[in-house]
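Asks: Just to be clear, the model below is a prediction. Sequence and coordinates:
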Amino acid sequence: MKPNSLKKIILLNLLLLFAATTVFTQGGPRQMQERYRQFESQRIAFITRELSLTPDEAQAFWPVYNEYNDKRNKLMIQHRSQRTDENNLDRLSEEKLHELADADITNMEEMIALRRQYHEKFKQILPIKKVVQLYAAERGFNRHLFNENRQGRMGRGRN
């Protein structure tokens, strides 16, 4: 895999994690669930619009994409739980620092392996052009969320 591709995948996952974290950091459990539903609805609508899925494509695609997204979210949660010591780096031993650094690389490799696995599945369901459009749509949605979040923060800061 090219270093550029690895960087793009890492950036995409970080943006998605940032967006999901932003959704969950405000309000109680009910509000978080509602925001997550809204987030998912927006994502589905955005991707559907960008890919112009036919009814047959949508019927085959969404269950596989949702499975991929569930696995990706579980990996992100698992990886986040491994990083609990990052706030206290000065207090950690060299051995623990090595473990944290190595775990970070392992986490990236797991995300890439998952992406590669589902990339093959997506190619079996959709024309290759729509697979490429899917990745562009994911990046576009993440940019949209980032800009929306940034505008929200800027608006709150002025009041």
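Replies: Looks like it came in fine.
Asks: Please identify which helix or strand holds the spatially closest residue to residue 118 that is not a sequence neighbour.
Replies: Closest residue in space to residue 118, ignoring its immediate chain neighbours: residue 68 at 4.1 Å, by CB to CB, 6 or more residues apart in numbering. C-betas here are computed from N, CA, C, even on glycine. Here residue 68, judged by DSSP states H and E, is contained in helix 55-82.
Asks: picking up where we left off before, verify the stated contact: the residue nearest to residue 118 with residue 114.
Replies: Yes: between residue 68 and residue 114 there is a contact under CB atoms under 8 Å: 7.2 Å.
Asks: if we can go back for a sec, if you count contacts, what does the helix holding residue 68 end up packed against?
Replies: helix 3-24, helix 29-51, helix 94-125 (3 or more CB pairs under 8 Å, 6 or more residues apart in numbering; DSSP states H and E).
Asks: So which of those helices is nearest residue 149?
Replies: Nearest to residue 149 among the helices and strands packed on helix 55-82 is helix 3-24; the distance by CB to CB comes to 5.2 Å.
Asks: Not counting residues beside it along the chain, what's closest to residue 57?
Replies: residue 126 (6.0 Å).
Asks: quick one on the thing from earlier: for the helices and strands packed on helix 55-82, please prepare TSV with the additional fields mean pLDDT, distance to residue 76 and mean neighbour count.
Replies: TSV is the format used below for the helices and strands packed on helix 55-82 (pLDDT from 0 to 100; distance: least, CB to CB, whole Å; neighbours: other CB atoms under 10 Å):
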stretch	mean pLDDT	distance to residue 76	mean neighbour count
helix 3-24	57	5	15
helix 29-51	87	14	14
helix 94-125	94	8	13
